[in-house]
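> give me a model of this one.
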Amino acid sequence: MPASEQIRQIFFVAKQRKSYLKKGANKFGLVWKIHPAYDKKKYKHPAPFPIEIPDRCLDSVDLTSDSVVLDPFMGGGTTALSALKHGIHYIGIDLSPGYCQMAQENIINWKIEHSGDD
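As a prediction, the model looks like this:
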């Protein structure tokens, strides 16, 4: 199956029953059509996904300065980069030391590129 036709599931998990979704959070509908963004020079990961995916997820919920995103399959760190864009904390986990190093490099580069954005 071509990457453009792959279906990925995104789950929203909260410890309380209260809904954290913002009003209008489903403005993109039930199925999101997002073109894959693959930059071989920037990400050396075999299955990167565009930052628009975690951006949409984080834009859909009420975030506070103490919000935390958990990514148990961190890979190149795209979700961490989105968390940084949103000014929140992140926890990234990956079994591969190589991917952990790649994510760390991507995060450092993002911080350098955006150091004057404050």
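
> show me what the lowest-mean-pLDDT helix or strand in the chain is packed against.
Least confident helix or strand of the chain, by mean pLDDT, DSSP states H and E, is helix 52-59 with a mean of 90. Contacts defined by 3 or more CB pairs under 8 Å, 6 or more residues apart in numbering; DSSP states H and E place helix 52-59 against helix 78-85. To be clear about C-beta, it is placed using only N, CA and C from the backbone, and glycine gets the same treatment.

> which ones are touching V68?
Applying CB atoms under 8 Å, 6 or more residues apart in numbering, we find V68 in contact with I88, H89, Y90, I91.

> strand partners (parallel or antiparallel) of the helix or strand that the least confident helix or strand of the chain is followed by?
Sequence-wise, the next helix or strand downstream of helix 52-59 (DSSP states H and E) is strand 68-71. In the sheet, strand 68-71 lines up against strand 89-92 (parallel) (DSSP bridges).

> mind listing what's buried along the partner strand?
Buried positions in strand 89-92, judged by neighbour count with 16 or more other CB atoms under 10 Å: Y90, G92.

> contacting residues around the helix or strand immediately after it in the chain?
The C-terminal neighbour of strand 89-92 among helices and strands, as given by DSSP H and E, is helix 97-113. The contact list for helix 97-113, computed with CB under 8 Å, 6+ apart, reads 42-45, 74-77, 80-81, 84, 92, 94.

> local confidence estimate at the most centrally placed residue in the chain?
With distances taken as CA atoms, centre = their mean, T79 lies nearest the centre of the chain, 2.3 Å away. Turning to T79, the model gives it a pLDDT of 95.

> grab the nearest non-local neighbour of it.
Leaving aside its sequence neighbours, T79 sits nearest to D71 (CB to CB, 6 or more residues apart in numbering; 4.1 Å).

> so the one you found versus A103, what's the distance?
9 Å (CB to CB, to the nearest Å).

> comparing these two, which residue is more hemmed in?
A103 (25 against 19; other CB atoms under 10 Å).
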